[in-house]
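show me the folded form of this:
(2 chains)
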Amino acid sequence: MTSQYTPLSTKSSVFKKHRFWLAGPVTLAVSIFIMAAMSLWFPPGIAGVNNLVFPLILFPLIWAISFFYSVLEVNIKRAWIVLMLVLSVNAIPVIASMKGWLS
Amino acid sequence: MINLSNISGRRLTDIHGWAGVLFGLALYIVVFSGAIVVFSHEIGAWSVSGHKLGDGLQGKIDHRLVELSSTIPEEYKDEVGIWQNSSGELIAFFHTHVKDEAGKIKEKGTRFVLDPNSLAIISQLEGYNDELPHVTSGFLEEFLVKLHIQLHAPDPIGLYLTGILGLVLLVSAVSGFIIHRHLIKDIFISPRLNTRLLNTRDRHNLAGSWGLVFSIVLAFTGAFFSFATTLGLPVIAMTAFGGDQEKAITAIYGEPAVVDSTPEKFIGIEDIIAQSKQANIAGSDPIFVFIEHWGRADALVSTIHQPSDDHILYTTHKFSGTTGKYIGEKSAVGTQPSAGSALIGMMGVLHFGWFAGLFSRIIWLSLGLATCYVTITGLQLWVQRREKEERWQELAKLIPIVGYGLPIAMVGAAIGFILTYSHSTELVESWTVDGFLIGIVISFIIGLSLRTAEKSKQVLQRVLGVGLILLPVIRGFSHEIYIGDVGIVALDISLIISGIILLVVSRKSNAHFIKDETKSKDLNPERSAYDH
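Residues are numbered from 1 along each chain as shown, chains lettered A, B, ... in the order given. So this is what the prediction gives:
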């Protein structure tokens, strides 16, 4: 899949590329779920706000790391697996919390 | 230089180029307006020819506040915000929190705008805070700030747009850094004059290298400010607080220590402000005073102070509203100092360049303009490389239209504001907006009617130059000529100098490039490796 690189500027639709979906919607979903899950596991600190503030602050950084990983990973299958794994690991506690299973 | 595989390098180069082509002009609008609003307060003060006379927040205002509080519904004494805008007018907003028809919690109350000298009421309006008309004297400042924060798009779409542009800037800066082959060398490069293409590329690399760290900081903090309340807080509220945003906000800002609704006389804010100015507390004048539970035993007064020589962050100090006793410094978030609170404070300091007063703000303005320059030269580079492709020549025409059209539109907004300032609020608002739109229309007419982008750039430079020189003249004729404030005179002089520079620059042509554009790729093959 990655052996023949085609520049984005060619006529083939960018929407047909796996990497577009990986670097776009998947990366966004991964970063939102990481941010949400972070509020559950991040140490709240003595003031009880670090677990709320740090995810907000780190969101752009989390997104940037996920984005550049999905762009620069040569093996796109590995990129899909890694990002889906990260998504699942973070989505499980988030969904559990929203359903009230953690309380 | 970072080593990348050829494929990854080219992919990153494509992303760098396309991010610029698709979002560059919108990014330019946000960054340029951001660079300008670093001096928003000074622009606000300048637009009304200086602060009005009077002590304002530092004067004898307790008696007047008590009088005002007796004229409003009791529930509006729940919270009171008091501050002075850039023109010196004193604003007191007595309010409470209620749910609107859509179930959204909003501030509702009565807003008084007072003359800082006589404390006479200039305007008195009641309603939801976000629906109240603007305070006329601060409209130009607000207009420019809103352009930067949300591109005048409705909430929350505007914040999402600027947040996305923040992420685009982050991607452009980081990808530029990764694909850059001569980062240190390019910090000291002298743009070559061989061809226009090489010259543009060298200028792009030079400005990009100097502004790299700044761009990353700006993009990161800007994306945080846009997404924190529109995306982050709702997501965290949903996860950690079962969707209750109010609960999340209470957790972040902290519950009042004691709740006691027993009626008790409010002590006033004059003594509290005097206390807050002491060196062992804030050591500076407060810019905002916030009263909670006016007339109750649990009344609290918070004074908010700008960064000063002793404090790099904004500081908030709390006092009892019944005894005036100093309670202590309040964290930006939570009830106790924390790493999270310090980081939130740092985000503002880094984004707005508050950390070293005027000096750091001048640097922030300069680096902001350098980032704009990188965006524009990046776009020029893209179209110059595709000079023979018809479709890209439309973009070539659009670059000077937006590049110079935005400042021309801002000048138009300022002229509209200044000429109507002494009239009604509605007229000021409509003519500030109309002035901005007229500036855009003029720029498009000039840009589209001239044959080449180069020619339209020259004409637009002249229009902008003349506009900048005219601004202090129009201000002087429309208001009283005010020379008591150094900031206003400095801004007048800066505008005139900038105008003259633009007029001089517009006389230059591109005849100094010594070789034909088409030969540029042969001049330095090594440097073309990852270029688009």
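
what residue ranges in chain A score low on pLDDT?
When residues are selected by pLDDT under 70, those of chain A lie in A:1-15, A:103.

chain B contacts on that one?
Remark: the part of chain A in contact with chain B comprises A:2, A:5, A:7-9, A:19, A:32, A:35-37, A:39-40, A:45-57, A:59-61, A:63-64, A:67-68, A:71-72, A:74, A:94, A:97-98, A:100, using CB under 8 Å from any CB of the partner chain. Backbone N, C-alpha and C define where each C-beta goes, glycine included.

for the residue nearest the centre of chain A, give me its contacts.
Central residue of chain A (CA atoms, centre = their mean): residue A:30, 2.2 Å from the mean position. If you count contacts by CB atoms under 8 Å, 6 or more residues apart in numbering or on different chains, residue A:30 has them with A:62, A:66, A:83, A:86-87, A:90.

narrow the residues of chain A next to chain B to just the buried residues.
Buried residues within those, defined by neighbour count using 16 or more other CB atoms under 10 Å in any protein chain shown: A:2, A:8, A:19, A:32, A:35-37, A:39-40, A:45, A:47-57, A:59-60, A:63-64, A:67-68, A:71-72, A:94, A:97.

in helices, which of the residues of chain A next to chain B fall?
In helices, judged by DSSP state H, the following of those are found: A:19, A:32, A:35-37, A:39-40, A:50-57, A:59-61, A:63-64, A:67-68, A:71-72, A:94, A:97-98.

would you map the helices across the stretch 1-150 of chain B?
Remark: helices assigned in the stretch 1-150 of chain B by DSSP state H, counting those that start in this stretch are B:6-37, B:40-47, B:62-69, B:139-150.

so what's the gap between the last one and the chain middle?
If I follow you right, that is helix B:139-150. Remark: helix B:139-150 is offset 7 Å from the chain centroid, using CA atoms, centre = their mean, to the nearest Å.

anything in the helix or strand following it near chain A?
Using DSSP states H and E, the helix or strand that follows helix B:139-150 in sequence is helix B:157-179. Yes. Helix B:157-179 is in contact with chain A by CB under 8 Å from any CB, via B:166-167, B:170-171, B:174-175.

so residue B:353 versus chain A, what's the distance?
18 Å (CB to the nearest CB, to the nearest Å).

surely that residue touches residue B:364?
Yes. Using CB atoms under 8 Å, residue B:353 makes contact with residue B:364 at a distance of 3.0 Å.

shared neighbours of the two, anything?
Here residue B:353 and residue B:364 have residue B:38 as joint contacts, going by CB under 8 Å, 6+ apart.

which stretch in the helices of the stretch 1-150 of chain B is the model least sure about?
Least confident of the helices of the stretch 1-150 of chain B, judged by mean pLDDT, is helix B:40-47 with a mean of 90.

where does the stretch 101-250 of chain B dip in pLDDT?
For the stretch 101-250 of chain B, applying pLDDT under 70 flags no range at all.

could you redo the last one with a cut-off of 90?
B:101-105, B:115-118, B:130-131, B:133-138, B:155-156, B:177-203, B:205-211, B:233, B:237-238, B:240-250 (pLDDT under 90).

now do the strands in it.
Assignment of strands within the stretch 101-250 of chain B using DSSP state E, counting those that start in this stretch yields the ranges B:105-114, B:121-128.

buried deepest among the ones you listed, which one?
A comparison of those by mean neighbour count, using mean count of other CB atoms under 10 Å in any protein chain shown, puts strand B:105-114 on top with a mean of 20.

quick check: angle from that one to helix B:62-69?
Calculated by axes from the mean of the first three to the mean of the last three CA atoms, to 10 degrees, strand B:105-114 forms an angle of 130 degrees with helix B:62-69.

what's strand B:105-114 packed up against?
If contacts are counted by 3 or more CB pairs under 8 Å, 6 or more residues apart in numbering or on different chains; DSSP states H and E, strand B:105-114 sits against strand B:90-99, strand B:121-128.

then it to PDB, C-alphas only?
Taking Å, rounded to 0.1, in the frame of the first residue of the first chain, the C-alpha atoms of strand B:105-114 are listed here in PDB:
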ATOM      1  CA  ILE B 105     -27.500  28.900  31.500                       C
ATOM      2  CA  LYS B 106     -26.900  32.600  30.800                       C
ATOM      3  CA  GLU B 107     -26.000  35.700  32.700                       C
ATOM      4  CA  LYS B 108     -29.100  38.000  33.000                       C
ATOM      5  CA  GLY B 109     -29.000  41.400  34.600                       C
ATOM      6  CA  THR B 110     -28.700  45.200  34.400                       C
ATOM      7  CA  ARG B 111     -25.600  46.800  32.800                       C
ATOM      8  CA  PHE B 112     -24.700  50.400  33.700                       C
ATOM      9  CA  VAL B 113     -22.200  52.400  31.700                       C
ATOM     10  CA  LEU B 114     -20.900  55.300  33.800                       C
END
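
list the contacts of that strand.
B:64, B:68, B:72-73, B:76, B:79, B:89-100, B:120-130, B:132, B:135, B:246.
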